[in-house]
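[1] model this:
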Amino acid sequence: MTTEIISTPNAGEWVIHAPQLTPEDSWFDHQYWLDQGRLLGASSGRGSAWMVKSPQGKWMLRHYFRGGLPARIIRDRYVWQGLDKTRAVAEWRLLQRMSEQGLPVPQPVAARVQKKGLFYTADILMQFVPHEQTFTRFLNSAAASSELTTWKKVGHAIGQLHGHGYFHADLNAHNILLSKDLAWLIDFDRGRYLGESQGVQMTDSQPERTLLTPWQRDNLKRLRRSIHKVTAASKTPQGTSQSISPQALDAGWTALMEAYHQSRDEAMHKFMRKTVHSTEPQP
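    So this is what the prediction gives:
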């Protein structure tokens with residue numbers, strides 16, 4: 001079954017989307033949504049993301065911006081190496097695959113690539129993820145010291161991601177959204193699929209828990225650095241304050257990792273059982 005359509009509305013322009021959708025070029029321009037009175041809000045990071053109200057529901061529109069020193073020279077342009085290697089197409093396909101597997105990520109709507117000489121610019125539209133707060137906001141609240149269930153939700157979501165073989169290039173507290181029942185992972189620019197079976201060993205046709213793979217370990221280290229950064233002590237008029245004590249931080253991280261391992265192992269066990277059954281001789 002076809003899961004994507006790539007159209008060329010203009011010369012040097014490509015749009016990738018699901019077959020049931022017919023995107024308009026104006027959808028990728030936040031000014032269009034503002035003029036329609038359908039621009040609901042914006043958030044700033046490296047660049048900007050805009051929440052818009054489409055006839056199909058709330059979407060997030062994001063323009064691709066560079067980070068670091070290159071951003072000072074070519075803020076939103078990337079070297080053209082072919083359509084399949086553009087960031088927007090790669091992220092759209094990754095999100096589509098993860099969404100089909102039921103992972104807690106935004107459903108992609110459409111992505112646009114515009115080639116200009118040796119460079120290209122890009123935009124992506126995704127379904128808005130209904131949420132109550134970011135993980136960053138939770139960490140800076142009193143609840144971070146007592147609500148271990150939230151830490152477990154985060155661990156469960158990351159475990160699902162890793163157990164299915166997906167790498168998040170920027171796993172930090174800002175890219176985790178919290179709803180009542182789930183933690184959602186967002187911003188998969190430069191994310192990759194690395195394969196479900198990595199790190200799994202077989203014993204009597206059943207996988208056993210193994211140590212983290214290098215990329216999983218690095219992903220979690222990045223998240224922990226982010227947690228320490230957003231909860232670091234800061235100077236206030238009353239002195240030094242910290243949103244969460246070191247002891248509570250350790251307890252939260254332990255709860256996160258316990259849920260992570262359980263979720264990761266369940267996902268890998270499911271994959272390995274499926275692999276074993278698919279290779280068994282049929283009667």
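[2] Gly195: how many residues sit nearby?
    If you count neighbours by other Cβ atoms under 10 Å, Gly195 ends up with 13. Glycine gets a C-beta too; all of them are placed from N, C-alpha and C.
[3] So for it, what pLDDT did the model give?
    As predicted, Gly195 sits at a pLDDT of 86.
[4] which residues in the stretch 151-283 of the chain form helices?
    Shown for the stretch 151-283 of the chain, the helices assigned by DSSP state H, counting those that start in this stretch span residues 214-230, 246-279.
[5] of those helices, which approaches Leu178 most closely?
    Leu178 sits nearest to helix 246-279 of all those, at 12.8 Å, using Cβ to Cβ.
[6] least trustworthy helix or strand in this structure by mean pLDDT?
    Using mean pLDDT, DSSP states H and E, the weakest-scoring helix or strand in the chain turns out to be strand 201-203, at a mean of 46.
[7] Can you pull out the low-pLDDT segments for this protein?
    The chain contains residues with pLDDT under 70 at 1-2, 44-47, 68-72, 196-210, 233-242, 272-283.
[8] wait, what's in contact with the most centrally placed residue in it?
    Central residue of the chain (Cα atoms, centre = their mean): Ile186, 3.0 Å from the mean position. The contact partners of Ile186, taken as Cβ atoms under 8 Å, 6 or more residues apart in numbering, are Val105, Pro106, Val129, Asn175, Ile176, Leu177.
[9] That one and Val89, how far apart?
    18 Å (Cβ to Cβ, to the nearest Å).
[10] Equivalent analysis for Pro130, please.
    Distance check for Pro130 against Val89: by Cβ to Cβ, it reads 27 Å.
[11] How about Gly165?
    In terms of Cβ to Cβ, Gly165 sits 20 Å off from Val89.
[12] Repeat that for Lys115.
    Taking Cβ to Cβ, one finds Lys115 at 12 Å from Val89.
[13] quick one, domains of this protein?
    Domain assignment for the chain by automatic domain parsing gives 5-127, 133-279.
[14] end-to-end on stretch 174-182?
    15 Å (Cα to Cα, to the nearest Å).
[15] which of the residues in it are buried?
    For stretch 174-182, burial by neighbour count (16 or more other Cβ atoms under 10 Å) applies to His174, Asn175, Ile176, Leu177, Leu178.
[16] so who does the closest residue in space to Phe119 that isn't next to it in sequence touch?
    Counting by Cβ to Cβ, 6 or more residues apart in numbering, Phe119 lies nearest to Arg77, which is 4.0 Å off, once chain neighbours are set aside. By Cβ under 8 Å, 6+ apart, Arg77 lies in contact with Arg66, Lys116, Phe119, Tyr120, Thr121.
[17] Understood, closing this out.
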